[in-house]
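Colleague: okay, predicted coordinates and the sequence, questions at the end:
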Amino acid sequence: TLWAGVDIVVAQQAGIEVRSTSVENKFPDGLLFKITASAPKEIKGITLLYGIAGSNVTQYGIFKVEPAAQVSSEFLLRTKVGGENSGSFSPPGTIFNYRFRIEDKDGNWIETEPQALLYMDNRFTWESVTKDLVTVYYYGPVKRRAETILDVTSQTLVKMGDLLGARITRPIRLVVYNN
């Protein structure tokens with residue numbers, strides 16, 4: 001399972017070293033990425049490269065960095081932008097793929113290994129049930145309801161797949177609230 005708050009593997013190249021990273025879930029406002037890096041030459045920039053799983057679009061966020069041999073910075077990736085009808089909201093169950101790019105003043109750079117993070121409403125302790133490519137996330141004493149939703153979803157996918165001659169090839173995540 002992919003959850004916020006897990007440190008990523010340290011990366012090192014051209015003397016640039018990622019000392020630590022973390023991600024803090026600030027649902028519903030966003031994800032707070034933190035990084036500390038060092039290099040023999042001054043680090044001049046840190047970029048967060050990210051996208052939503054299943055999409056080929058990569059976006060980026062720029063960390064504010066004062067050039068130095070060792071830097072620490074943070075960047076808030078906003079997942080709730082604009083008003084209620086703005087269309088810029090990342091719902092619970094979204095998987096973000098991300099990596100960091102660090103560059104020194106001589107143009108040397110490294111990128112960390114890609115990581116995946118499941119963005120969830122952190123007010124609740126989530127559990128899940130899975131069948132084939134479908135996962136239903138739920139909280140509280142409603143496992144039976146989640147299993148019913150899972151069964152109905154799986155049956156519908158088979159029936160509609162037969163009817164339309166189409167098959168689901170990517171995972172489907174359903175997030176069920178108790179109200």
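Modeller: Here it is on my side, so go on. Numbering: from 1, shown residues only.

Colleague: tally of neighbours for residue 145?
Modeller: 14 (other C-beta atoms under 10 Å). For glycine as for every other residue, the C-beta is placed from the backbone atoms N, C-alpha and C.

Colleague: avg pLDDT for the biggest strand by length in the chain?
Modeller: Ranked by residue count, the top strand of the chain under DSSP state E comes out as strand 30-52. Strand 30-52 shows a mean pLDDT of 96.

Colleague: what packs against it?
Modeller: strand 16-25, strand 59-62, strand 68-78, strand 94-104 (3 or more C-beta pairs under 8 Å, 6 or more residues apart in numbering; DSSP states H and E).

Colleague: list the buried residues in the last one.
Modeller: Taking 16 or more other C-beta atoms under 10 Å as the neighbour-count basis, strand 94-104 is seen to contain the buried residues 94, 95, 96, 97, 98, 99, 100, 102, 103, 104.

Colleague: now the residue nearest in space to the middle of the chain, nearest residue through space, not along the chain?
Modeller: The centroid of the chain falls nearest to residue 96 when counting by C-alpha atoms, centre = their mean (2.5 Å). Nearest-residue entry for residue 96: residue 117, 4.9 Å, with adjacent residues in sequence omitted and distances by C-beta to C-beta, 6 or more residues apart in numbering.

Colleague: can you check residue 46 too?
Modeller: residue 63 (4.0 Å).

Colleague: from residue 48, how far out is that neighbour?
Modeller: 7 Å (C-beta to C-beta, to the nearest Å).

Colleague: got it, and residue 115?
Modeller: For residue 115, the distance to residue 48 - C-beta to C-beta - is 11 Å.

Colleague: which residues do those two both contact?
Modeller: 98, 99 (C-beta atoms under 8 Å, 6 or more residues apart in numbering).

Colleague: where does this structure dip in pLDDT?
Modeller: 1-13, 82-88 (pLDDT under 70).

Colleague: change it to 80
Modeller: Flagging of the chain using pLDDT under 80 yields the residue ranges 1-14, 81-88, 179.

Colleague: residues touching residue 57, list them.
Modeller: By C-beta under 8 Å, 6+ apart, the neighbours of residue 57 are residue 51.

Colleague: look up how far residue 97 lies from it.
Modeller: Residue 57 is 11 Å from residue 97, by C-beta to C-beta.

Colleague: what do the two both touch?
Modeller: residue 51.

Colleague: count of residues packed around the closest residue to residue 169 other than its chain neighbours?
Modeller: Once flanking residues are discounted, residue 169 sits nearest to residue 133: 7.6 Å by C-beta to C-beta, 6+ apart. Per other C-beta under 10 Å, the neighbour tally for residue 133 reads 15.

Colleague: let me see the contact set for residue 133.
Modeller: 168, 169, 170, 171, 172 are the contacts of residue 133 under C-beta under 8 Å, 6+ apart.

Colleague: many thanks, have a good one.
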